[in-house]
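> here is a sequence together with a model predicted from it:
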Amino acid sequence: MSNILVNAPKTAKRGAAIEIKALIMHPMETGFRPGPNGRIIPRNIIERFTATWNGAEIFTMDMSPAIAANPFVSFFAEAKESGTVVLRWTGDEGFAAEQRVDIAVE
Amino acid sequence: MTARLLVIGLALVFAASYAAAQVGADKRRSGYQDMGEALQKMQDDDTANPGMLFVQLGGQLWNRAVGAADKSCADCHGDAAVSMKGVAARYPAIPQGSDRPVDLEGRINLCRTEHQKAEPLPPENRDLLALAVYVAHQSRDLQIAPPYDPRLDAFRREGAEIYRLRQGQLNLSCAICHDDNAGKKLAGIVIPEAHPTGYPIYRLEWQALGSLKRRLRNCLVGIRAEAWPLDAPEYVALELYLMQRARGLKLETPAVRP
Amino acid sequence: MDRRLFLAGTAAVVLVPLSPATATPDAMAEAIRKVVGTATPTEGRVKLDVPPLVENGSTVPLTVSVDSPMTEADHVKAIHVFNEKNPQPNVFSARLGPRSGKAVIGTRIKLGDSQRIVAIVETSDGKFLSAGADVIVTLAACLEESP
């Protein structure tokens, strides 16, 4: 299980642009650093972050090793209808994590 | 006549208390105050502060049964928001039945070995830091309040001596940087006053959470001194002195630092 | 305090000077070319917020905002960020759309050195916008013994 913190409003006015902020625990090991034994530590990063709103993709970010450890992402979404926002992170070594957020649109 | 005396008397009292207030004006600064606005914002926002990921993990571990006793921290201590409030503000302390002080991580490991019948966690282990940061977070915004315990005096004195001891190839003491030159810049960074107000901290350089011990080791390496072994009592003595020196400052755990 | 000794200690750590903003290294130029093709991005309408001076390059907050109505007819399709001096020129590529409501995104990046950062924005009419920012990275004073 991954440690994830999401900041999103529970309710939103129809048509409003709401900000969603997400933080996930991950080393984002670049693959360029030598370890204590002098050998390069293999790359281990999150490659992709996606957000869907009731199944429709609303935002994606392809990440590189230049994204800081414990990646933080903030973006906006137009509140069209009540539903579930699913945030998904995937990456090296089969990494996959997901967080669901329910938002009521009035 | 009596009225005039009363006025003079009151004036004297006010003057005295004003003077006392001036003398007592607290000029001590947390490292927080010397960070850029971007980093202060990162620390202040609980969904932007990476240290909060470890607080979350610590909360999960708090409720997880481990060891031969199959007990969780919560089985003994209940709700950490109640039972752990103020604990980090008064550590290090001497555990019952012992005569030597331990830091918070040391106390957690004592709980593991004595009550949970589990292996102690190694220094800087992620789970140990997560538990420590979860416990310390319960004291956020409380003032650092080292306990009155005469048994601690000798250890505090030892810590104060270490603080003033010149060591390493650069022949520097903690005091030379953090008392005499605090507030000046070292390679573009303000030298902090070394108040341990937010440990364990999320240090950007580490890109991870780390303990005061790890930070002290960085300082020792910085002055080209040999760092003490990870289980050395010197760290606890120094922490005791630093906490005494920071008495009354507010805990910020989890602090973010560059 | 022995001033000379103190200086000797600090001399081990040096401020990295800012590189000329015009000297875009080839790798970044090549990475940008892959996105824009033969088009020439125009400046303006894009705001790239990075602190000009950062205490530590390993976690640098970065925000890109584009002045766009974000409608079906006129919106930002993608925001790419590049750097000059990290081992790889790409930082991230984000895809947005009319459902974004607002073309503002933020993250935290690693900068191995003082350098120029460039944001390239792709709009729904197939045009490209850009913005750049120079960042000075100061190093932490007392580094750890091992990585």
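Here it is on my side, so go on. Residues are numbered from 1 along each chain as shown, chains lettered A, B, ... in the order given.
> after the helix or strand of chain C with the lowest mean pLDDT, next one along is what?
Counting by mean pLDDT, DSSP states H and E, the weakest-scoring helix or strand in chain C turns out to be helix C:3-11, with a mean of 44. Beyond helix C:3-11 in the direction of the C-terminus, DSSP states H and E gives the next helix or strand as helix C:26-36.
> buried ones in that following helix?
Applying a neighbour-count criterion of 16 or more other CB atoms under 10 Å in any protein chain shown, the buried positions in helix C:26-36 are C:A27, C:M28, C:A31, C:I32, C:V35. Just so you know, the C-beta spots here come from the backbone N, C-alpha and C atoms, and that holds for glycine as well.
> in terms of secondary structure, what does it contact?
The criterion is 3 or more CB pairs under 8 Å, 6 or more residues apart in numbering or on different chains; DSSP states H and E, and the helices and strands that helix C:26-36 contacts are strand C:76-83, strand C:115-123.
> neighbouring contacts of that helix?
Contacts made with helix C:26-36 from outside it, assessed by CB atoms under 8 Å, 6 or more residues apart in numbering or on different chains, are listed as C:41, C:80, C:82-84, C:88-90, C:93, C:118, C:120, C:122, C:128.
> where do the strands of the stretch 51-200 of chain B begin and end?
Shown for the stretch 51-200 of chain B, the strands assigned by DSSP state E, counting those that start in this stretch span residues B:185-186, B:189-190.
> can you put the ones you listed in JSON lines and add mean neighbour count and distance to chain C?
Putting these into JSON lines (neighbours: other CB atoms under 10 Å in any protein chain shown; distance: least, CB to the nearest CB, whole Å) gives the following:
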{"stretch": "strand B:185-186", "mean neighbour count": "16", "distance to chain C": "4"}
{"stretch": "strand B:189-190", "mean neighbour count": "18", "distance to chain C": "5"}
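> and those strands as a markdown table, adding mean pLDDT and distance to B:A25?
Conversion of these to a markdown table gives the following (pLDDT from 0 to 100; distance: least, CB to CB, whole Å):
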| stretch | mean pLDDT | distance to B:A25 |
| --- | --- | --- |
| strand B:185-186 | 84 | 24 |
| strand B:189-190 | 82 | 21 |
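> quick one: closest of those to chain A.
In terms of CB to the nearest CB, the element of the strands of the stretch 51-200 of chain B nearest to chain A is strand B:189-190, at 18.7 Å.
> could you dump the strands of the stretch 51-200 of chain B to a markdown table with distance to chain A?
Compiled in a markdown table, the strands of the stretch 51-200 of chain B are given as follows (distance: least, CB to the nearest CB, whole Å):
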| stretch | distance to chain A |
| --- | --- |
| strand B:185-186 | 24 |
| strand B:189-190 | 19 |
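> the ones you listed: which one's closest to B:L212?
Across the strands of the stretch 51-200 of chain B, B:L212 has its closest neighbour in strand B:189-190 (18.5 Å, CB to CB).
> report all helices and strands that the very next helix or strand once past the closest one contacts.
On the C-terminal side of strand B:189-190, the closest following helix or strand by DSSP H and E is strand B:201-203. For strand B:201-203, the helices and strands in contact under the criterion 3+ CB pairs under 8 Å, 6+ apart are helix B:51-62, strand B:208-210, strand B:256-257.
> ok, the first one near chain C or not?
No. Figure legend: helix B:51-62 not in contact with chain C (CB under 8 Å from any CB of the partner chain); closest approach 11.9 Å.
> three-state assignment of the nearest residue to A:A56 once chain neighbours are set aside?
Computed as CB to CB, 6 or more residues apart in numbering or on different chains, the closest residue to A:A56 that is not its neighbour in sequence is C:R99, at 7.0 Å. For C:R99, the secondary-structure state derived from DSSP: H, G, I helix; E, B strand; the rest coil is helix.
> tell me if I'm right that A:T84 and A:V105 touch.
No. A:T84 lies out of contact with A:V105 (CB atoms under 8 Å); the separation is 11.7 Å.
> more crowded one of these two?
Set side by side, A:T84 and A:V105 give different neighbour counts by other CB atoms under 10 Å in any protein chain shown, the larger being at A:V105 (17 against 12).
> hang on, the earlier thing: and the residue nearest to A:A56, what is it in contact with?
When the contact criterion is CB under 8 Å, 6+ apart, the partners of C:R99 are A:W53, A:A56, A:I58, A:A77, A:E78, A:K80.
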